[in-house]
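> need coordinates for the below:
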Amino acid sequence: MTDGEEIRQEENIVVEVQDLTKRFGHFTAVKEVSFDIFRGEVFGLLGANGAGKTTMIKMLCGLSHPTEGRARVAGYDVVHHPERVKRSIGYMSQRFSLYEDLTVMENVEFFGGIYGMKREELKKAGAAMVRRLGLEEIKGRLIRTLPTGWKQRIAFSVAILHRPELVFLDEPTSGVDPVTRRRFWEMILATAREGYTILVTTHYMDEAEYCDRVAVMAEGEVIALDSPEQLQETHGVTSMEELFWKLTRGESMITNRDKR
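The predicted structure is shown next:
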């Protein structure tokens with residue numbers, strides 16, 4: 001790699017994690033984790049419940065201070081500049097991050113205000129979202145009256161309303177049916193092609209196939225990191241589910257099979 005290529009690669013780093021560790025008393029939830037995430041990448045954190053994925057997300061969002069190590073998101077240190085980090089990211093959880101007792105547009109206005117969007121900017125972004133998703137007939141309905149698939153798409157669109165440097169999706173498809181999951185991933189990939197950087201946590205093995213790169217976590221550590229194809233080739237397996245079981249020696253986890 002030439003010096004110029006190295007400089008361009010560094011400029012394209014959206015997330016930089018170095019030896020990040022989080023302890024709660026004598027329990028270590030995340031242990032000396034390191035990785036970079038590049039602009040436009042869909043980066044997956046794959047692991048069972050309790051593997052450390054959500055703790056990692058909280059640190060990268062500036063919501064929880066690491067015990068050791070360092071992390072930068074969109075160029076900002078998560079410890080020293082947490083508020084700048086928060087303004088540079090979008091976030092969607094498995095509960096969709098929407099207020100059930102507000103209408104679609106009231107949620108748009110509320111979160112747009114939180115993200116610091118100006119009134120005219122928010123108006124244009126909201127109108128564009130309504131057109132893109134075809135929300136004209138339901139934009140005045142309460143979120144709680146909408147089907148899960150609609151809630152999911154709206155929550156994701158609200159998370160990117162302010163065009164963040166990084167979008168966190170924390171197990172966004174947990175508990176939804178396979179068809180809805182597949183449609184949601186089509187939306188994620190289309191958004192990434194527009195230049196958004198996305199970090200997604202999941203315990204569904206098949207979803208890892210959609211990611212550009214995957215970090216497999218177990219007991220707070222990253223035990224493998226590469227593209228899904230390269231990981232399978234390296235470890236001599238034919239699926240991400242088989243890879244995970246091989247790497248973790250069959251420890252308890254939630255798999256696609258459990259969900260059927």
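> and His65, what does it touch?
The contact partners of His65, by Cβ atoms under 8 Å, 6 or more residues apart in numbering, come to 59, 78-79. Placement of C-beta: from N, CA and C, glycine included.
> how about a cut-off of 10 Å?
Counting by Cβ atoms under 10 Å, 6 or more residues apart in numbering, His65 makes contact with 22, 58-59, 78-79, 82.
> ditto for Thr103
109, 138-143, 145-146.
> CA atoms of stretch 71-89 as CSV?
Taking only C-alpha atoms (Å, rounded to 0.1, in the frame of the first residue of the first chain), the coordinates of stretch 71-89 have been written out as CSV:
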residue,chain,number,x,y,z
ALA,A,71,-12.4,4.8,20.8
ARG,A,72,-13.1,7.5,18.2
VAL,A,73,-16.4,7.9,16.3
ALA,A,74,-16.6,10.4,13.4
GLY,A,75,-13.3,11.8,14.6
TYR,A,76,-14.4,12.4,18.2
ASP,A,77,-13.1,10.7,21.3
VAL,A,78,-16.0,8.9,23.0
VAL,A,79,-14.7,9.9,26.5
HIS,A,80,-13.7,13.5,25.9
HIS,A,81,-16.3,14.5,23.4
PRO,A,82,-19.4,12.3,24.0
GLU,A,83,-21.9,15.1,23.0
ARG,A,84,-20.2,15.6,19.7
VAL,A,85,-20.3,11.8,19.2
LYS,A,86,-24.0,11.7,19.9
ARG,A,87,-24.7,14.5,17.4
SER,A,88,-22.8,12.5,14.7
ILE,A,89,-24.7,9.3,15.0
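> contacting residues around that stretch?
13-20, 33-37, 56, 58-66, 69-70, 114-116, 159, 162, 164-168, 197, 199.
> 7 Å - rerun?
Stretch 71-89 has contacts (Cβ atoms under 7 Å, 6 or more residues apart in numbering) with 14-17, 20, 59-62, 65-66, 70, 116, 164-166, 168.
> can you check stretch 149-166 too?
14-15, 73-74, 88-92, 96-98, 104, 107-108, 111-112, 115, 117, 125, 129, 133, 143, 167, 172, 176, 180, 183-184, 187, 191, 196-197, 199.
> ok, now stretch 20-28?
Stretch 20-28 has contacts (Cβ under 7 Å, 6+ apart) with 29-33, 55, 59, 64, 66-69, 71, 220.
> out of those, which is most surrounded?
Val30 (28 neighbours; other Cβ atoms under 10 Å).
> isn't it up against Gly220?
Yes. Counting by Cβ atoms under 7 Å, Val30 touches Gly220, with 4.9 Å between them.
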